[in-house]
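Enquirer: structure for the following, please:
(one chain, ligands or ions: 1)
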Amino acid sequence: MPGLLLGDEAPNFEADTTHGRIRFHDFLGDSWGILFSHPRDFTPVCTTELGRAAKLAPEFRKRNVKMIALSIDDVNDHLAWSKDINAYNGDEPTEKLPFPIIADAKRNLAIQLGMLDPDERDKEGMPLTARVVFVFGPDKKLKLSILYPATTGRNFDEILRVVDSLQLTAKNKVATPVDWKRGDRVMVIPSIPDDEAKKLFPEGVFTKELPSGKKYLRYTPQP
Ligand code: BEZ
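Expert: This is a model prediction of the structure:
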């Protein structure tokens, strides 16, 4: 099945969206980008997800991440659904959301990007789009991909958290440990020798002693 793997360049597709026709690379410009797909308009889980995404838009903007959603159904449906999403958020029920929604009524893009969920089908028996999260870097390459089935809603706080990790680790030779949050200490990556690590991280490198005697658990404050 076609799809995208880490390191692949985003396809430069053209699409109709609620913010007009776009070419994906022009839309991304030099920013980071997040593309999240949805099974269908006017569905409950998707409505809660897009409501949360809209509320978090200022956080994504702060991180220089352009957001774009995709759902099967056409632009008119997306615009009518946007009113419901704003009402769900307790906001004025306008057609305006802080990100475009791609119309993929024929599922061409969903097929190209490997987004279909074989277990969830519409009334005509056609597979629905799964809940995919793609994060692209400013080089337009895929940095992160998470795939949820249609029946499991995403956690957008987690998506912001992984964006923080991606942006930090793109700039520094560190990795983020389990449950890491912005401001927590980070790990020195294994390929950096100790003497280089000391120079790279002047705030100090703390190595945890382990039964193996191997010195691979090296922490440093978040650069
Ligand atoms: C939903 O968004 O609620 C949904 C869509 C497709 C299958 C299951 C749930």
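
Enquirer: could you report the distance from A105 to E120?
Expert: 17 Å (C-beta to C-beta, to the nearest Å). In short, each C-beta sits where N, CA and C put it, glycine included.

Enquirer: and if you look at D77?
Expert: From D77 to E120 the distance is 18 Å (C-beta to C-beta).

Enquirer: wait, G153 sits on A53?
Expert: No. Using C-beta atoms under 8 Å, G153 is not in contact with A53; the gap is 11.2 Å.

Enquirer: between those two, point out the one with more neighbours.
Expert: Taking other C-beta atoms under 10 Å, G153 and A53 do not tie; A53 has more neighbours (21 against 15).

Enquirer: wasn't the more buried one part of a helix?
Expert: Yes. According to DSSP: H, G, I helix; E, B strand; the rest coil, the state of A53 is that of a helix.

Enquirer: which residues sit in contact with T94?
Expert: For T94, the contacting residues are S82, K83, N86, by C-beta atoms under 8 Å, 6 or more residues apart in numbering.

Enquirer: D77 and E120 - which one has more neighbours?
Expert: Neighbour totals were compared for D77 and E120, and D77 leads with 18 against 15 (other C-beta under 10 Å).

Enquirer: let me know the secondary structure of that one.
Expert: From three-state DSSP, the assignment for D77 is helix.

Enquirer: name the nearest residue to it, ignoring sequence neighbours.
Expert: Nearest non-adjacent residue to D77, counting by C-beta to C-beta, 6 or more residues apart in numbering: D41, 4.6 Å away.

Enquirer: now the one you found: how far from D164?
Expert: D41 sits 30 Å away from D164, going by C-beta to C-beta.

Enquirer: who has more neighbours, the two?
Expert: D41 (23 against 17).

Enquirer: and this protein, which residues reach the ligand?
Expert: The chain comes close to the ligand at residues P39, R40, T43, P44, V45, C46, E120, L128, A150, T151, as judged by C-beta under 6 Å from any ligand atom.

Enquirer: list the ones among these that fall in strands.
Expert: Using DSSP state E, the members of those that fall in strands are E120, L128.

Enquirer: G29: how many residues sit nearby?
Expert: 11.

Enquirer: check contacts around it.
Expert: By C-beta under 8 Å, 6+ apart, the residues touching G29 are K66.

Enquirer: swap in K199?
Expert: Neighbours of K199 in contact, by C-beta under 8 Å, 6+ apart: none.

Enquirer: the same query, at a cut-off of 10 Å, please.
Expert: Residues in contact with K199 (C-beta atoms under 10 Å, 6 or more residues apart in numbering) are I192.

Enquirer: give me the buried entries from the residues of the chain next to the ligand.
Expert: P39, R40, T43, V45, C46, L128, A150 (16 or more other C-beta atoms under 10 Å).

Enquirer: and the furthest pair within these?
Expert: With C-beta to C-beta as the measure, no two of these lie farther apart than V45 and L128, at 11.4 Å.

Enquirer: could you single out the nearest of the contacts of T94 to the ligand?
Expert: Using C-beta to the nearest ligand atom, S82 is the member of those that sits closest to the ligand, with 15.1 Å.

Enquirer: against which helices or strands is the helix or strand hosting the closest one packed?
Expert: Here S82 sits within helix 75-88, counting by DSSP states H and E. With contacts taken as 3 or more C-beta pairs under 10 Å, 6 or more residues apart in numbering; DSSP states H and E, helix 75-88 sits against strand 14-17, helix 44-55, strand 65-71, strand 101-103.
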